[in-house]
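*Asks:* based on what follows, work out the 3D shape:
(2 chains)
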Amino acid sequence: MTRAASAEVKMEPRTDSMSSKVWIEAQEGVKVRALEAYTSTVSLHERPLPPNDFYDLLEKTSVRFLKSPSTIERELDVECQAWDALSDEALEIFERTLG
Amino acid sequence: MSLGIAFKCPEGIVLAADSRVTLTSEIVHGTEKVVLSSTFDNATKLLRIPGHNYVGAITYGLGALGQQEPRTPHSFLPEFENELGKGTKRVSVLDYAQKFSSFFHKQWAIAMPQDYVGPDLVFLVGGFDEDQPYGTVYLIQIPSNPTPSEQHAGQFGITWGGQMENTARLVKGFDPMLPTMIKDRLGLSDQQTAELTTYLEGKLVLPVPYQFLPLQDCVDLSIFLIRTTIEIQTWMVGVRGVGGAIDVATITRTEGFQPIQVKAIVGRRDAS
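*Replies:* Purely as a prediction, here's the structure:
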């Protein structure tokens, strides 16, 4: 008989439980905060901030939560502008449908 | 053996359980005794009483009452419903848990031998009291501790039981046997073992923010934990006591008991 097959089989059912309190109290170095509390509401109808201000904002936000701020690709700004254009178009279509 | 979960979160209660019941039979041939295990994968362990829409239960541990003519706890619900009476006004979850415990304790005394040695019949009863913002979950262990014991009073979290080892390894970071193994190996006292267990839990537990999780995440996590035990047992040597469909329901303050995924009675799947 193999060692695994001869291992004792625990048959009695047991009950266990866990809550956040256990790890929050034990791991004092971990701070969990809702990210939404630190960012402003983004309006779909407004153009995103100019590139320099945008990256500056991200860098300031990232420092609070990340050990090392991530590098934002320049293509992100282009993508944001594309989404902005799409949302404007969607709004126009919606207004025409209402009209 | 089963695996049952009761998840208390701010948005509601999640009750989840597998569907496998294992019956063991002893066959005696002369001086030889052969023990055979037979699994049945269509048992209902998610319990709901019609007309009592803000409470529910799951069961694990002993899969059936009675040794000559075993019956599942679910099969006793019509009698329990009769005992509660029709048109009964809404009672508190604690009252319901006490009635539940009393009923099944009585059935235990009728069906089980005095010298029984084995697992308890365990229930997790969850629900909402009228005009209360959050739900409550009570643990009932028959016959060893039939008094309902509230779980996560004043906070939120998850309670699980049955073949719990794999869930414990995932959620707490270690097998439930580990503290006892270290205690025996190093000759620790009970207090030292308790301190060690608290320390290990604090350091190794999965940092799941139970009080933050939306109800859908609680449902998904409950299914994941039961599914993981079912699947990992297929590669292990040992008792494969968790299997079949995973039944899940939520209980919320506004909607009451809502089945999320519950197995249905169907005809032959091959249509022949």
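*Asks:* what residues of stretch B:208-218 count as buried?
*Replies:* B:208, B:210, B:211, B:213, B:215, B:217, B:218 (16 or more other C-beta atoms under 10 Å in any protein chain shown). Any C-beta I mention is one placed from the backbone N, CA and C, and that applies to glycine too.
*Asks:* which residues sit against that stretch?
*Replies:* Identification of contacts with stretch B:208-218 by C-beta atoms under 8 Å, 6 or more residues apart in numbering or on different chains yields A:18-20, A:32, B:7, B:9-12, B:14, B:155-158, B:171, B:221, B:250, B:252.
*Asks:* just the buried ones from those?
*Replies:* Here, 16+ other C-beta under 10 Å leaves A:18-20, B:7, B:9, B:11-12, B:14, B:156-158, B:171, B:221, B:250, B:252 buried among these.
*Asks:* least confident of those?
*Replies:* Scanning the buried ones among the contacts of stretch B:208-218 for pLDDT, the smallest score is found at residue A:20, 87.
*Asks:* from chain B, how far out is that residue?
*Replies:* Separation of residue A:20 from chain B (C-beta to the nearest C-beta, to the nearest Å) stands at 5 Å.
*Asks:* please report phi then psi for the residue nearest to that residue when sequence neighbours are not counted.
*Replies:* Sequence neighbours aside, residue B:210 is the residue nearest to residue A:20 in space, at 4.9 Å (criterion: C-beta to C-beta, 6 or more residues apart in numbering or on different chains). Here is the backbone geometry of residue B:210 (degrees, to the nearest 10): phi -60, psi -30.
*Asks:* what about residue B:229, how many neighbours?
*Replies:* Here the number of neighbours of residue B:229 (other C-beta atoms under 10 Å in any protein chain shown) works out to 25.
*Asks:* partner residues bridging residue B:261?
*Replies:* Note on residue B:261: beta-bridge partners by DSSP bridges are residue B:248.
*Asks:* show the pLDDT at it.
*Replies:* Per-residue pLDDT puts residue B:261 at 96.
*Asks:* which residues does it contact?
*Replies:* B:223, B:245, B:246, B:247, B:248.
*Asks:* reformat those residues as JSON lines; add pLDDT and neighbour count.
*Replies:* Converted to JSON lines, the contacts of residue B:261 look like this (pLDDT from 0 to 100; neighbours: other C-beta atoms under 10 Å in any protein chain shown):
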{"residue": "B:223", "pLDDT": "98", "neighbour count": "17"}
{"residue": "B:245", "pLDDT": "97", "neighbour count": "19"}
{"residue": "B:246", "pLDDT": "98", "neighbour count": "24"}
{"residue": "B:247", "pLDDT": "98", "neighbour count": "23"}
{"residue": "B:248", "pLDDT": "98", "neighbour count": "24"}
